[in-house]
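from the sequence below, what's the structure:
(2 chains)
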Amino acid sequence: MSLRRVWILVLRYVFIYRRSWVRMLEILFWPTMELLVWGYVTRFIQRAGQGELPHLITFLIGAMIFWDILYRSQQGITLSFLEDVWTRNLLNVFCGPVRLAEYIMGAFLFGLLRVSVTLVFLVILAWILYQFNLFSLGFYLVPFVANLLVLGLALGMMTTAIIIRYGQGAEALAWGVPFLVQPFAAVFYPVSVLPKPMQMIAYAIPCTHVFEGMREVIRSGVMSWSHLGWAMGLNLVYLAVAMWLLVRMFNVALDHGLIAKLGTE
Amino acid sequence: MSNDVILRVDELTKVFGDLVAVDRLSFSLSRGEVVGLLGANGAGKTTALHMILGVLRPTSGRIEIFGRDLHRHRIEVLSRMNFSSVDVNLPANLRVWQNLWIFAKLYGVPDARSRMDMLLELLEIGHLRNAITGHLSSGEQTRLNLCKALLNDPELLLLDEPTSSLDPDIADKVRKLLRRIQRERGLSILYTSHNMRDIEEVCDRILFIHRGRLIAEGPPQQVIRQFRHRNLEELFIHIARHGEVVVRGDDV
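Predicted structure coming up:
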């Protein structure tokens, strides 16, 4: 893998975003809307509960910000790929000296950049509006965020693999895939409220352990290492499956001429 | 022209289900040679071109570029060649210089800025250096695509309909420019076009494909004489409509 080419691919996305206020706004607009809605819903429930739910703000705002990290990192990969499809530039890239791994790494690193901008913005806004301090999670923030980014990378690769295979008809998945995971991942509620069969699925998803772990840190101040271990282990499995799927679909695309079709249709 | 073979295609076949898109196609391209790949729509030209570009895997056969197997040495081979197609664009919301700079860097072009400026001037779009790519006319975009294709000073250039959206004046300039670069740099070009004047003017040799099979090969004038037509356009129409007749040699 050439780091020089990866860096150029990252710069390419920076150029594309810098020139488009619509794209720039999208990084900040939707997360802000979500934060406003979830924040005030939480305040309302907290008032109705008359102090019975002391950690509610922290649970829900923290979960919303964490969810956004996962969602944006998944989109970082998928939307970067779709940018090349929409601009009919895919063939220029893949007929050049660019490896699939370099392309994905470039998209992931740019996704990280996007996530960082969104995260900083949300942290400041949550502090101003709700006096919520994400850094109250302390050192534990690092492994939580890292696990969400890795899962975002895996989901992004899986989604891209499906779009490569089934073409632009499948591009709605770029926005839909994370929401297939969301009900099972216990983002805004503990796994214990789910029915038993759903709990089994929930525990097979890496980010479930991140959200459960986050709630435990907020509640007791103690890190659940077993949740962190599960999240990391499952992430490795997801990443391996995603890599396999992407390479497999890319090979199918090479056999069926789908790269050329996606790049010119 | 030397006998130094740049591109060797050997028994190249591509099958999609029941359709044989390219059928045991064999040819070679020498250093400094310009070869036109001709055929009606659906003849298999683009399929062949995509296989040579490494974005479509052949069902069987072999492609050797610069003496190396394309699929084993993909990055090395692709960094020494380039392509331009009327169906492929550069990102519309970037400035012209940004698009060229990105590809110059991806191809590892030394002194990218002066190379970009030189090519923009050569293709008479130097004044558009800071323009938004999406604001260019189709003729200007075609010339920008050619700039991108020449950025890495390629040894092999694949051109798919390079003059299709150009006015006659610019098309003529582009043909002359390609000829000049080809002579000066020893550039080898595989050229597809439906403009037979382009082909007669630019190509040293033509390959006629019909239903995936190579049915005629040689210098344009020789092929025209061989099939007893007055010009390439007449021959093209004849082969497109009665390709099988030609294959059986009835016209020869």
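
where does the stretch 101-250 of chain B have low pLDDT?
Low-confidence segments of the stretch 101-250 of chain B (pLDDT under 70): B:243-250.

and the helices in it, which stretches?
For the stretch 101-250 of chain B, helices defined by DSSP state H, counting those that start in this stretch occupy the ranges B:112-122, B:138-150, B:168-185, B:196-202, B:220-226, B:232-248.

flag every residue of chain A that's near chain B.
Counting by C-beta under 8 Å from any C-beta of the partner chain, chain A comes close to chain B at A:4-5, A:8-9, A:11-12, A:15-16, A:19-20, A:83, A:87-89, A:91-99, A:251, A:254-257, A:259-260, A:263-264. All C-beta spots, glycine's among them, are computed from the backbone N, C-alpha and C.

type out the ChimeraX command that picks the buried ones from the residues you listed.
Of the residues of chain A next to chain B, the buried ones go into a single ChimeraX selection, burial set by 16 or more other C-beta atoms under 10 Å in any protein chain shown:
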select /A:5,8,9,11,12,15,16,19,83,87,88,89,91,92,93,94,95,96,97,98,254,257,259,260,263,264
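
which positions in stretch B:127-135 come out as buried?
Residues of stretch B:127-135 classed as buried: B:Leu128, B:Thr133 (neighbour count, 16+ other C-beta under 10 Å).

so how far is it from its chain's centroid?
How far stretch B:127-135 lies from its chain's middle: 25 Å, per C-alpha atoms, centre = their mean, to the nearest Å.

who's in contact with it?
Here stretch B:127-135 makes contact (C-beta atoms under 8 Å, 6 or more residues apart in numbering or on different chains) with A:19, B:89-97, B:99, B:116-117, B:120, B:136, B:140-141, B:144.

relative to A:Gly229, how far out is A:Asn235?
11 Å (C-beta to C-beta, to the nearest Å).

err, B:Ser84, not the other one
Counting by C-beta to C-beta, the gap from B:Ser84 to A:Gly229 is 52 Å.

burial of residue 58, as a residue count?
The chain I'm using is chain A. Burial of A:Thr58 is recorded as 21 neighbouring residues (other C-beta atoms under 10 Å in any protein chain shown).

my question was about chain B, not that one.
Counted with other C-beta under 10 Å, the neighbours of B:Pro58 add up to 24.

how about it, secondary structure?
Under DSSP: H, G, I helix; E, B strand; the rest coil, B:Pro58 falls in the coil class.

residue contacts, it?
Neighbours of B:Pro58 in contact, by C-beta under 8 Å, 6+ apart: B:Leu12, B:Thr13, B:Lys14, B:Val22, B:Met51.

of those, closest to A:Ser220?
For the contacts of B:Pro58, the minimum distance to A:Ser220 (C-beta to C-beta) is 61.1 Å, reached by B:Met51.

name the element that closest one belongs to?
According to DSSP states H and E, B:Met51 maps onto helix B:45-52.

may I have the beta-bridge partners of the residue nearest the centre of chain B?
With distances taken as C-alpha atoms, centre = their mean, the residue of chain B nearest its centroid is B:Leu159 (2.5 Å). Beta bridges link B:Leu159 to B:Ser84, B:Tyr191, judged by DSSP bridges.

can you tell me how far it sits from chain A?
12 Å (C-beta to the nearest C-beta, to the nearest Å).

distance of that residue relative to B:Val55?
For B:Leu159, the distance to B:Val55 - C-beta to C-beta - is 16 Å.

next one: A:Phe44
54 Å.

before we move on, what about B:Lys173?
30 Å.

which residues sit in contact with the spatially most central residue of chain A?
Among the residues of chain A, the one closest to the centroid is A:Leu70, at 2.4 Å (C-alpha atoms, centre = their mean). By C-beta under 8 Å, 6+ apart, the contact set of A:Leu70 is A:Leu148, A:Leu149, A:Leu151, A:Gly152, A:Leu155, A:Pro178, A:Cys207.

next one: B:Ser60
Neighbouring residues of B:Ser60 by C-beta under 8 Å, 6+ apart: B:Glu11, B:Leu12, B:Thr13.

now, which of those residues sits nearest A:Lys196?
Comparing the contacts of B:Ser60 against A:Lys196 with C-beta to C-beta places B:Thr13 closest, at 55.3 Å.

helix/strand/coil for that closest one?
Per three-state DSSP, B:Thr13 ends up strand.

neighbours of it, how many?
Counted with other C-beta under 10 Å, B:Thr13 comes out at 16.

do I have it right that it meets B:Val20?
Yes: between B:Thr13 and B:Val20 there is a contact under C-beta atoms under 8 Å: 7.1 Å.

my guess is B:Ser164 contacts B:Tyr191. True?
No: look at B:Ser164 against B:Tyr191 with C-beta under 8 Å: they stay out of range, at 11.9 Å.
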